[in-house]
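> Give me a model of this one.
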Amino acid sequence: FRKYWVLSVLIMIAMAVMLPALIPMVFGAAFRSAVLPAEITLFASLFKGAQQVLGGGAAALGSPMLGSKANLSALGITVILLYLLVPRLGIVGAALSTAAAYLVELAVVIYGLHCTHLISPLNLFRVRANDIIPERRWMNLVRGSEPL
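Here you go, the predicted structure:
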């Protein structure tokens, strides 16, 4: 999971940097106001992807209902926040509602994995060097037998 998380964060950052230029270039200057909701939704997709990966892992470990519980939790958050935020913030409110719902989904799955399978939430997100560089290459770099 940690390798997935690192790669997803890096891709999300790259896309977030490109969005302010790409959206107006592809859709025209009239769509410049879509950049903020697009960036919020991009950030939300990081939570959703992580929830899907961990939910699949939970199913493989014998907890197939955990993903469904997370989805149901997010449904309530979505309905409440859409009702509260969309009238005031429009599309940005909808994007924030989505991000909050996806974060709740991820939190429910992480909590469920911790309670049922004793998987440490901290260990899920604690990035180690071999999550970025494969272990064999890392050891060669430490020994000085492989150039950077």
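> how far is whatever helix or strand L42 lives in from where the chain is centred?
L42 belongs to helix 35-60 when assigned by DSSP states H and E. In terms of Cα atoms, centre = their mean, to the nearest Å, the centre of helix 35-60 is set 4 Å apart from its chain centre.
> tell me which strands and helices it is in contact with?
helix 2-27, helix 65-89, helix 91-117 (3 or more Cβ pairs under 8 Å, 6 or more residues apart in numbering; DSSP states H and E). All C-beta atoms are positioned from the backbone trio N, CA, C, and that covers glycine.
> Buried deepest among the ones you listed, which one?
helix 91-117 (a mean of 19; mean count of other Cβ atoms under 10 Å).
> could I have the helix or strand that comes right after it exported to CSV, CA atoms only?
Scanning forward in sequence from helix 91-117 by DSSP H and E, the next helix or strand is helix 121-125. As requested, the backbone C-alpha atoms of helix 121-125 are provided in CSV (Å, rounded to 0.1, in the frame of the first residue of the first chain):
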residue,chain,number,x,y,z
PRO,A,121,-2.8,3.1,10.7
LEU,A,122,0.6,4.8,11.2
ASN,A,123,2.4,1.9,9.5
LEU,A,124,0.1,2.2,6.5
PHE,A,125,1.4,5.7,5.8
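> nearest to A38, of the helices and strands packed on helix 35-60?
A38 lies closest to helix 2-27 among these, at 5.5 Å (Cβ to Cβ).
> and the angle for that closest one with helix 35-60?
150 degrees (axes from the mean of the first three to the mean of the last three Cα atoms, to 10 degrees).
> can you tell me the average pLDDT over helix 2-27?
Mean per-residue pLDDT for helix 2-27: 91.
> Once you drop chain neighbours, what's closest to the residue nearest to the spatial centre of the chain?
The centroid of the chain falls nearest to L46 when counting by Cα atoms, centre = their mean (1.9 Å). In space, and not counting its chain neighbours, L46 is closest to M12: 5.2 Å by Cβ to Cβ, 6 or more residues apart in numbering.
> Contacts only, for that neighbour.
42-43, 45-46 (Cβ atoms under 8 Å, 6 or more residues apart in numbering).
> show me what contacts G55?
For G55, counting by Cβ under 8 Å, 6+ apart, the contacting residues are 66-67, 70, 109.
> can you redo those residues as JSON lines with distance to L84 and pLDDT?
Converted to JSON lines, the contacts of G55 look like this (distance: Cβ to Cβ, whole Å; pLDDT from 0 to 100):
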{"residue": "L66", "distance to L84": "28", "pLDDT": "92"}
{"residue": "G67", "distance to L84": "26", "pLDDT": "89"}
{"residue": "A70", "distance to L84": "21", "pLDDT": "94"}
{"residue": "V109", "distance to L84": "25", "pLDDT": "95"}
